[in-house]
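> got a sequence here, can you build the structure:
(2 chains)
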Amino acid sequence: SAVISQKPSRDICQRGTSLTIQCQVDSQVTMMFWYRQQPGQSLTLIATANQGSEATYESGFVIDKFPISRPNLTFSTLTVSNMSPEDSSIYLCSGGASNTEAFFGQGTRLTVV
Amino acid sequence: GENVEQHPSTLSVQEGDSAVIKCTYSDSASNYFPWYKQELGKRPQLIIDIRSNVGEKKDQRIAVTLNKTAKHFSLHITETQPEDSAVYFCAASIFKDSSYKLIFGSGTRLLVRP
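Residues are numbered from 1 along each chain as shown, chains lettered A, B, ... in the order given. Okay, the predicted model is just below:
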C-alpha cells in the first residue's frame, strides 16, 4: 500500500489568484491522478499525471487552467490558476500501480471568494 | 463516453440488515472494479475490489459480485453496523490515452439506523 500526504488541507483564496496543491507518496507509484469532488458528489477525473511527460487531461479540463507537474515517481502538484468561485471544491490526488487499487490523499478543500 | 451508473443514491437500513448497492458500466474492456468508502470529510478508502476473471469475492461482512455479460457489479454488506454509515463509490477501470484510469459512480449514501 501507499500513503499519500496532500497539502494544504484547506485554503481560502481570492479570485484571480492561483493555488498549488502538493501530493507526496511514501513509495514510488506508476500512476498519479487528480480528481475534483464537489461536496456530496462523485469524483471527477481532472488529469493523469505522467512522470517525465505532460499530463493527460480529461474533457472539460485544460492545462492552462490546471497545470500539473510530476517530477518523479513520488511527487506531483496541481495548480488551480486564475481562480473563480466556480473552482471552489475538494481536490484529491491519488496514486498506485497501473490498473489496480488507487490510494488517495486526504484532499484539499478550496474556497474561492 | 465511458460511464458508471450507481444505484441507489441513498439507502437506509436497520442495524443488522443487509445492504446492496448496484453499478453498471459501459466499457466492455473494463477489467478492474474497486469499491471505496468515504466517511464525511475523509478520503475515499478501498474496501474491496474484484477483477473480471472472478465472479464473486468476499471479505468478512462485505462481498462483491460481477456479471461481465450484463456489465454490472454489486456490493453486499451483511449484518450492517452504524459504523458502516458512509458514502460508497463503485468504480471501473478504463484504458484511455495509454493508461488505465478509474471512472467512479455517483455514490450511495448509506445510513444504518441503530
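> which element is A:Thr48 on?
According to DSSP states H and E, A:Thr48 maps onto strand A:43-49.
> show me what the mean pLDDT comes to for that strand.
The average pLDDT for strand A:43-49 rounds to 95.
> dihedrals phi and psi, residue 72?
Unless you meant another one, I'm taking chain A. phi -150, psi -170 (degrees, to the nearest 10).
> can you tell me the helix or strand for the closest residue in space to it that isn't next to it in sequence?
Using CB to CB, 6 or more residues apart in numbering or on different chains and skipping the chain neighbours, the partner closest in space to A:Asn72 is A:Gln51 (6.5 Å). Yep, even glycine has a C-beta here, placed from its N, CA and C like the rest. Using DSSP H and E, A:Gln51 maps to neither a helix nor a strand.
> ok, A:Gln51 touching A:Leu73?
Yes. With contacts counted by CB atoms under 8 Å, A:Gln51 reaches A:Leu73, the gap being 5.5 Å.
> show me whatever sits in contact with both of those two.
With contacts defined as CB atoms under 8 Å, 6 or more residues apart in numbering or on different chains, no residue is shared by A:Gln51 and A:Leu73.
> got the contact list for the residue nearest to the spatial centre of chain A?
Centroid-nearest residue in chain A, with CA atoms, centre = their mean: A:Trp34, separated by 3.5 Å. A:Trp34 makes contacts with A:45-47, A:49, A:66, A:68, A:76, A:78, A:91-94, as judged by CB under 8 Å, 6+ apart.
> show me which residues of chain B sit near chain A.
Within reach of chain A by CB under 8 Å from any CB of the partner chain, chain B has these residues: B:1, B:31-32, B:34, B:42-46, B:49, B:89, B:93, B:95, B:97-107.
> make a ChimeraX selection of the buried ones in those.
A single ChimeraX command is used to select the members of the residues of chain B next to chain A judged buried by 16 or more other CB atoms under 10 Å in any protein chain shown:
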select /B:31,32,34,43,44,46,49,89,93,100,101,102,103,104,105,106,107
